[in-house]
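> sequence and predicted structure below; questions after.
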Amino acid sequence: MEWLLAAPPLLGLGLVMGFSPTLYGFSLHALAAGRAGAVRWMSMGLLAASTLLVVLFQFVDPQNLMRVLKGRIDAFLLTRWVDLGAAVLLGVCGVVLLVLDRNDRTRPPKGHRPTPVTHQGRRAFGFGFANTLIGFSGVATMYVVGRVASGVSPHLWLRALAYLVFVIALVGPYLLAAWAWVRYPRFAEKATAGYERLLHRDLRTPIAILILVVALAFALTGLWPRSVA
């Protein structure tokens with residue numbers, strides 16, 4: 001009964017853990033280049049890193065570390081210099097992007113050769129593995145997955161079965177996309193054509209403007225008077 005109750009949240013956690021614009025972009029780029037195998041390797045890297053975190057959290061409780069660091073982290077994040085530093089960094093990036101875009105527009109157009117795609121299996125595996133470990137959201141998600149799977153049963157095989165539900169939701173969409181890309185070539189051709197059109201669009205100016213808007217928001221946050229508790 002506990003296994004059935006744990007299945008829906010594990011499916012949801014798998015979809016959340018697998019959702020990544022970076023991984024989606026990697027997969028689309030690899031599929032458009034005819035490298036469906038790279039998506040499979042990337043999925044294996046994603047699975048390996050997630051499993052590593054689940055096993056690690058069976059022996060280490062990150063809540064103990066968070067109790068020790070919580071006060072320091074809160075004090076650091078509430079410092080106005082963090083917001084002002086982010087504003088300066090984003091502002092510089094936005095200005096540089098605008099300048100580069102303007103310089104490219106004034107130069108005579110050159111013929112562009114397509115960049116070869118080198119998504120070997122080892123690199124794709126490492127990409128999926130690193131993307132899982134970098135950041136706090138993935139680590140926190142896997143901690144919850146471990147707690148949910150551990151609560152299913154004291155028996156290891158039932159925990160593994162519950163974790164399998166999570167795995168299906170985690171890598172299933174990527175493996176299904178790789179399979180469909182090869183199985184339905186007409187769909188793949190249309191998707192590749194749309195991806196190529198998107199690649200040839202120059203989006204640097206709107207992206208630079210968006211970055212500058214975010215930089216302004218950070219600056220206003222940093223300059224806004226704060227009450228001291």
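In hand now; what should we look at?
> okay, CA-based contacts and neighbour counts for the rest of this
Fine.
> which residues of this protein fall in helices?
In the chain, the segments counted as helices under DSSP state H are 2-18, 21-32, 36-56, 62-77, 80-106, 121-133, 137-150, 156-183, 185-199, 204-223.
> output the lowest mean pLDDT helix or strand found in the protein.
Lowest by mean pLDDT, DSSP states H and E among the helices and strands of the chain is helix 62-77, with a mean of 57.
> next one: residue 212 from residue 88, what distance?
For residue 212, the distance to residue 88 (Cα to Cα, to the nearest Å) stands at 10 Å.
> likewise for residue 44?
Residue 44 sits at a distance of 38 Å from residue 88 (criterion: Cα to Cα).
> who has more neighbours, these two?
Shown here are residue 44 and residue 88; by other Cα atoms under 10 Å, residue 44 has more neighbours (20 against 16).
> what's the closest non-adjacent residue to the more buried one?
Nearest residue to residue 44, sequence neighbours excluded (Cα to Cα, 6 or more residues apart in numbering): residue 125, at 6.3 Å.
> can you pull the contacts of residue 211?
With contact set as Cα atoms under 8 Å, 6 or more residues apart in numbering, residue 211 has these partners: 90, 91, 93, 94.
> likewise for residue 194?
Shown in contact with residue 194 (Cα under 8 Å, 6+ apart): no residues.
> residue 6 reaches residue 146, doesn't it?
No - when contacts are counted by Cα atoms under 8 Å, residue 6 is not listed as touching residue 146 (11.4 Å).
> surely residue 13 meets residue 143?
No - contact criterion Cα under 8 Å: residue 13 and residue 143 do not qualify, at 10.6 Å.
> shared neighbours of the two, anything?
With Cα under 8 Å, 6+ apart as the test, residue 13 and residue 143 reach no residue in common.
> pLDDT value on residue 115, please?
As predicted, residue 115 sits at a pLDDT of 43.
> and if you look at residue 105?
We have a pLDDT of 58 for residue 105.
> now swap in residue 45 and tell me
pLDDT, residue 45: 93.
> count of neighbours near it?
So residue 45, with other Cα under 10 Å, has 25 neighbours.
> how about residue 6?
By other Cα under 10 Å, neighbour count at residue 6 equals 19.
> relative to residue 52, how far out is residue 159?
Computed as Cα to Cα, the residue 159 to residue 52 distance reads 15 Å.
> neighbouring contacts of stretch 167-182?
11-18, 27, 31, 36-37, 39-40, 43-44, 46-47, 187-188.
> chain center to that stretch, what's the gap?
Here stretch 167-182 is found 16 Å from its chain centre; the criterion is Cα atoms, centre = their mean, to the nearest Å.
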